[in-house]
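K.L.:
whatever this is, show me its structure:
(2 chains)
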Number of protein chains: 2
Amino acid sequence: MKGFKFKGITANIKKDGKKDLAIIFSTRPAAAAALFTENRVVAAPVIMGRERIKSGLCQAVVVNSGNANCFTGDQGLRDASETAKVAAHALNIPEALVMVASTGVIGAPLPMDKLRNAMPELTTDMEEDGIEEFAKAILTTDLAMKLVSRISSIKGEKFTISGVAKGSGMIRPNMATMLAFICTDLDISSALLKSALKIACDQSFNRISVDGDTSTNDMVLAMANGMSGAVVEESDDALEFQKVLNEVLLELSKMIVRDGEGATKLVKIVIKGALSAEDAYKAADAISHSNLVKTAIYGEDPNWGRITAAAGRSGAMVDPDRMDLMFDDVVLVKRGIWQGVEAEKRAATIMKNSELEICLDLNLGNFSDFYYFCDFSEKYVSINADYRS
Amino acid sequence: MKGFKFKGITANIKKDGKKDLAIIFSTRPAAAAALFTENRVVAAPVIMGRERIKSGLCQAVVVNSGNANCFTGDQGLRDASETAKVAAHALNIPEALVMVASTGVIGAPLPMDKLRNAMPELTTDMEEDGIEEFAKAILTTDLAMKLVSRISSIKGEKFTISGVAKGSGMIRPNMATMLAFICTDLDISSALLKSALKIACDQSFNRISVDGDTSTNDMVLAMANGMSGAVVEESDDALEFQKVLNEVLLELSKMIVRDGEGATKLVKIVIKGALSAEDAYKAADAISHSNLVKTAIYGEDPNWGRITAAAGRSGAMVDPDRMDLMFDDVVLVKRGIWQGVEAEKRAATIMKNSELEICLDLNLGNFSDFYYFCDFSEKYVSINADYRS
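P.N.:
Numbers count the residues shown, from 1 in each chain, chains lettered A, B, ... in the order given. Below is the predicted model:
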């Protein structure tokens, strides 16, 4: 991918000495678009980012992990601004073209001395293939880095989209649900980039859940620096870009769920036959967030009573006597009737897989929706009971 | 309490040989009112109960545990009706005066042979002080029986209200959230009884949560047989009854949360200063259901960032800079500002208690609400991963 450089270093914001400060730098100002958390308690970088992104331009992003700079009042806003200013100075670019993002513990002030001291190292020797270091440095409770690249072409001109995300807990869709940074060397306007980002988010980051909590720091930022030679000029070009962008975001989303705190399985729930789009969403949402469903999946128990009960309380119109329920290709319930011990045994075998699809057909209408979610293990509890200590 | 008899026996519906069949019998037909689950997937006893309660009269209730008779189709309805019929015959009362309730595993047919065979034993030698046996026989994953009695008087005439409940998982308010049976020897009309029951439920069973899942079998049934001599004639009498009924239901509700699956703490969240009643409810609801808040409480961590973040995503209007947060009498956040290490240490000490109150004052308006909920431990996961096996 042309014209993007990355770096990730240790600034000792985290207590364990792991990498915790990272940068994306485009050699020229990039068209940019972003989506932010819909939580009303928002971190300072989100407040600042909402303003700065209005220009549709961005050249550098500084991300720290280990501290969310949230619930830090006016000091937090000054610290976010100061971080951007110090980075801009070191990079010799306008301050307004620098975005910042933070993730980690809520309520503690940013250690500004550490950030200031680390800035020369961060902004020196950034590399085009430094994206893995970047991806590692933005992690918190994540066990795996999340990095996806796709190459495609428009009118014979190749372009690359690379996406990096972090997120493992406090994951529930509401526009944007964690940190994600999408870089492309395609030439596209910031307006088109924003609309494409919204469409892609709605079928990826907005359809995943680990634990139902929406973060205060969520941000998805896309940058397009136009250095590949590929240009979005017509609607067909935009469609090609959309297709690849959707793939990148969906793959990142699935990586987040697979790496969900304590998760052992990735489950796709598909709702079919709903009376309305809203009903399809409600049923998928309720099932994905049911702790009883999630613990049954952890226990590899095809507990269809809990799944149908969650749909029943979702607010969606349902008729138990019309429901079909499938685990991958095994029909467990047909028109409300349990299909017997053999079907249940086959469903139990499917549940031993690390990825599976559960399909609930309400057989009432023509609307469908889906959600990716993970199971719920003792480990989620122990991770989150001990997080700050 | 005059004129009520109870019994609880083993009918081998449960695999472990524990009591699983129970009865309440009033020596004369009682005024009756009931509230049922709002889940759209409902068990057969709920479908039957909704019809039968329309008469405003009930003389006996047969409750089985170990099998929910839910998602059992037409056979389930026939089995519920047959259970009532067999009991009515044994008791020599009209079938229409018998209600049934079931709780346990969803999706398996009721073992009718066992129920029929047990009916003579169940309906013989019922006793006025058999209510503890009844309370034990309706439990499933509950660790403790839930039984509350209060004595009061109207115009010098004493009356008793005794309430029994079961519930430990699949607990989230939506009119009625588990099984509860309220008996009183007061003389009151079924219409007044129903309105009093609604009011009392709304500030008790509808303000508790263990895990956010609403059961398919929820039922709260109240019976008043008028045998004490105390009569509700005027609004002052109704107020006295309401007061005592509220106490009984609130105490039962707290017992359910204390006995929540895997729970180690009972927490009351109080929201103050909300812009609207709806906002107050939304904030209390979101905090009570946040797995991140619940695991932090289990870890005895006064993680105020997670509490304020949950309020922020609740949909309620909030302004972080106006929030006050208290743990019992310790102010941890004042007008958005963290009150320092000493305050946090004192809050951490309070969290070692088995019961505590967290108060979030939004300082925006005049509306308040509350919720009782429990923490979330590894044990909840292990109970629910293994439940059916």
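
K.L.:
okay, helices next: where are they in chain A?
P.N.:
Secondary structure of chain A (DSSP state H): helices at A:44-52, A:73-91, A:112-122, A:131-137, A:190-202, A:235-258, A:277-289, A:291-298, A:304-313, A:341-350, A:378-385.

K.L.:
give me the nearest residue to A:P302, chain neighbours excluded.
P.N.:
Leaving aside its chain neighbours, A:P302 sits nearest to A:A347 (3.7 Å; criterion: Cβ to Cβ, 6 or more residues apart in numbering or on different chains). Every residue, glycine included, has its C-beta placed from N, CA and C.

K.L.:
quick one: the residue nearest to A:M48 when sequence neighbours are not counted from chain B, how far?
P.N.:
Using Cβ to Cβ, 6+ apart and skipping residues adjacent in sequence, the residue nearest A:M48 is A:A80, 4.7 Å away. Distance of A:A80 to chain B, computed by Cβ to the nearest Cβ, to the nearest Å: 15 Å.

K.L.:
repeat for A:N206
P.N.:
14 Å.

K.L.:
cool, A:G49 as well?
P.N.:
For A:G49, the distance to chain B - Cβ to the nearest Cβ - is 17 Å.

K.L.:
quick one: pLDDT of that residue?
P.N.:
pLDDT for A:G49: 93.

K.L.:
kindly list the longest strand within chain A.
P.N.:
Criterion DSSP state E: the longest strand present in chain A is strand A:21-36.

K.L.:
spit out the contact partners of A:S354.
P.N.:
Contact analysis of A:S354 by Cβ atoms under 8 Å, 6 or more residues apart in numbering or on different chains lists A:T264, A:K265, A:L266.

K.L.:
quick one: buried ones out of these?
P.N.:
A:K265, A:L266 (16 or more other Cβ atoms under 10 Å in any protein chain shown).

K.L.:
so which of the contacts of A:S354 reach chain B?
P.N.:
When those are checked against chain B using Cβ under 8 Å from any Cβ of the partner chain, none falls in range.

K.L.:
ok, the contacts of A:S354 vs chain B, which is closest?
P.N.:
The shortest gap between chain B and any of the contacts of A:S354 belongs to A:T264, at 10.5 Å (Cβ to the nearest Cβ).

K.L.:
OK, contacts around that closest one?
P.N.:
A:Y298, A:S354, A:C374, A:D375, A:S377.

K.L.:
apply 10 Å and report the result again.
P.N.:
Contacts for A:T264 (Cβ atoms under 10 Å, 6 or more residues apart in numbering or on different chains) come out as A:R258, A:I297, A:Y298, A:E300, A:S354, A:C374, A:D375, A:F376, A:S377, A:K379.

K.L.:
ok, now how distant is it from B:A263?
P.N.:
A:T264 is 24 Å from B:A263, where distance means Cβ to Cβ, to the nearest Å.

K.L.:
thought A:V333 was touching B:G107?
P.N.:
Yes: if you go by Cβ atoms under 10 Å, A:V333 and B:G107 touch, sitting 8.5 Å apart.

K.L.:
okay, and the common contacts of these two?
P.N.:
With Cβ under 10 Å, 6+ apart as the test, A:V333 and B:G107 both reach A:W304, A:G305, A:T308, B:F71.

K.L.:
ok, the third one to chain B distance?
P.N.:
Remark: distance between A:T308 and chain B (Cβ to the nearest Cβ) = 5 Å.

K.L.:
show me which residues of stretch A:108-119 are buried.
P.N.:
Buried, per 16+ other Cβ under 10 Å, within stretch A:108-119: A:A108, A:L110, A:P111, A:K114, A:L115, A:A118, A:M119.

K.L.:
so what's the first one closest to, chain neighbours aside?
P.N.:
Nearest in space to A:A108, with sequence neighbours left out and distances taken as Cβ to Cβ, 6+ apart, is A:N67 at 5.9 Å.

K.L.:
domains of chain A?
P.N.:
Following automatic domain parsing, one finds the domains of chain A at A:4-258, A:266-385.

K.L.:
worst average pLDDT in those?
P.N.:
domain A:4-258 (a mean of 89).

K.L.:
tell me how far that domain is from the chain's mean position?
P.N.:
Averaging C-alpha positions (Cα atoms, centre = their mean, to the nearest Å) puts domain A:4-258 11 Å from its chain's average.

K.L.:
and what of stretch A:330-341?
P.N.:
Centre-to-centre, stretch A:330-341 and its host chain are 35 Å apart (Cα atoms, centre = their mean).
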